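Trainee: Quick one: sequence and predicted model below, then my questions.
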Amino acid sequence: MSQALEDHAGALPGAWMVVQWMGAHVFKVGPGDKAKVFAIFADKTERVTLKCKDAETASFLIEIGAAEKAPHLPRGGWVAFSLNDTDEDDLRERIETSYDVVRATLTKAQQADLPPR
């Protein structure tokens with residue numbers, strides 16, 4: 001499932017991947033050093049870390065046991081989902097939400113340089 005989800009993340013307009021942070025596949029949107037992270041796939045833990053639309057949604061998902069606190073991003077609405085215990089279609093939607101939330105934080109000029117969504 002991880003590869004299909006990574007392919008999905010990489011297919012979003014202007015998204016690209018870099019391997020960093022102990023081998024994690026980190027998906028970003030935006031230009032070069034100004035790019036922002038929207039998904040982190042950690043093979044060793046079989047989790048994907050994503051940004052929720054707001055901190056309340058993140059808290060709710062953690063409270064109901066659907067997600068965990070993101071280990072290295074404990075604030076700002078970031079949570080980690082198990083790749084084994086979360087429905088693939090749900091994760092696809094959550095990847096797109098994370099992408100949209102992060103893309104919206106880019107400057108207007110950076111957003112204008114990206115392919116349309």
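Mentor: Ah, there it is.
Trainee: Point out where this protein drops to low pLDDT.
Mentor: Low-confidence segments of the chain (pLDDT under 70): 1.
Trainee: would you list every one of the helices in it?
Mentor: 2-10, 55-63, 88-103, 108-112 (DSSP state H).
Trainee: So for residue 43, which of these sits nearest?
Mentor: helix 2-10 (7.0 Å; CB to CB). For every residue, glycine as well, the C-beta is placed using N, CA and C.
Trainee: Give me the contacts around that closest one.
Mentor: Applying CB atoms under 8 Å, 6 or more residues apart in numbering, the contact partners of helix 2-10 are 15-17, 25, 27, 38-39, 41, 43, 46, 48, 83, 88, 91-92, 95, 99.
Trainee: Among these, name the buried ones.
Mentor: By neighbour count, with 16 or more other CB atoms under 10 Å, those hold 15, 25, 27, 38, 39, 41, 48, 83, 91, 95, 99 as buried.
Trainee: Give the full set of residues in contact with residue 28.
Mentor: Counting by CB under 8 Å, 6+ apart, residue 28 has contacts 15, 16, 17, 18, 35, 36, 37, 38.
Trainee: what do you get if the cut-off is 6 Å, keeping everything else the same?
Mentor: With contacts defined as CB atoms under 6 Å, 6 or more residues apart in numbering, residue 28 is in contact with 16, 35, 37.
Trainee: Including distance to residue 113, could the buried ones among the contacts of helix 2-10 go into JSON lines?
Mentor: Listed next are the buried ones among the contacts of helix 2-10 as JSON lines, based on distance: CB to CB, whole Å:
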{"residue": "15", "distance to residue 113": "14"}
{"residue": "25", "distance to residue 113": "24"}
{"residue": "27", "distance to residue 113": "18"}
{"residue": "38", "distance to residue 113": "17"}
{"residue": "39", "distance to residue 113": "20"}
{"residue": "41", "distance to residue 113": "25"}
{"residue": "48", "distance to residue 113": "26"}
{"residue": "83", "distance to residue 113": "32"}
{"residue": "91", "distance to residue 113": "28"}
{"residue": "95", "distance to residue 113": "22"}
{"residue": "99", "distance to residue 113": "16"}
